[in-house]
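Enquirer: no FASTA, just this:
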Ligand SMILES: [Zn+2]
């Protein structure tokens, strides 16, 4: 799991940005409006630097950028909200925001809503929450997002030696017959327990067979 509000997934290379000091926020600018926000690796930390590249926008596309450290914490809140309105001391008449508000909302949540950065990639789990009636606030509460990330991790396909049917497939099957969510979850937990039992029983059986074979040979 990513460390909330301390680690991000680079929009260019898809690798983890390990700390705010290793990242950059960049954007494009069209008709004085900022859009196309991205969180990317700082050039010195980019996995592409070995081949002489980086994770930044090309020079022609880039409208502006800043160190990720300026966009987190209290400083970050002020920086980001100043793009919507600089405040009455600097602008007594409210002017148009300098940003595409829809894209800004996503950037803001990536930088300031715990677990949002990782959970936004868990599309299946987000859809499940919506199906269960999550509204536009509940869906993004830290507890909800943390659970979504944990569920996503628990649904990863099983490793070598485990049952052929992955948890994800089982879940899909269960939802196919519209089983209540809670039942699916407890069924998955039971499945884990059963797998452990089967594994132990197989080992014991094998040992018994070997002992028998050994005995027959003597
Ligand atoms: Zn990168």
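Expert: Structure received. Worth saying up front: this structure is predicted, and the values here are computed from it rather than measured.
Enquirer: which residues touch stretch 145-153?
Expert: Residues lying outside stretch 145-153 but in contact with it, judged by CB atoms under 8 Å, 6 or more residues apart in numbering, are 1, 113-116, 118-119, 122, 124-126, 128-129. Placement of C-beta: from N, CA and C, glycine included.
Enquirer: okay, buried residues for it please.
Expert: By neighbour count with 16 or more other CB atoms under 10 Å, stretch 145-153 contains the buried residues 145-146, 148-149, 151-152.
Enquirer: stretch 90-104 now?
Expert: For stretch 90-104, the neighbour count (16+ other CB under 10 Å) marks 99-100, 103-104 as buried.
Enquirer: kindly report the same for stretch 56-73.
Expert: Neighbour-count burial for stretch 56-73, with 16+ other CB under 10 Å as criterion, is recorded at 56-57, 68-69, 71-72.
Enquirer: which one of these is nearest residue 92?
Expert: Checking the buried residues of stretch 56-73 against residue 92 by CB to CB gives residue 71 as the nearest, at 26.6 Å.
Enquirer: my guess is the closest one meets residue 80, correct?
Expert: Yes. Under the criterion of CB atoms under 8 Å, residue 71 is in contact with residue 80, at a separation of 6.5 Å.
Enquirer: for this structure, give me the ranges with low pLDDT.
Expert: Judged against pLDDT under 70, the low-scoring parts of the chain cover residues 158-190, 192-200, 203, 216-218.
Enquirer: what is the end-to-end distance of stretch 60-69?
Expert: This stretch, stretch 60-69, spans 24 Å end to end (CA to CA, to the nearest Å).
Enquirer: same check, this time on stretch 88-105
Expert: 22 Å.
Enquirer: who in the protein is up against the ion?
Expert: Taking CB under 5 Å from the ion as the criterion, the chain approaches the ion at residues 10, 12-13, 41, 55.
Enquirer: which ones among those residues lie within strands?
Expert: When those are checked against strands (DSSP state E), the matches are residue 41.
Enquirer: domain parsing for the chain?
Expert: What the record gives for the chain is the domain set 1-112, 113-154, 167-217, from automatic domain parsing.
Enquirer: all strands of this structure, in order?
Expert: Using DSSP E, the strands of the chain run over residues 8-9, 16-17, 23-30, 33-41, 64-67.
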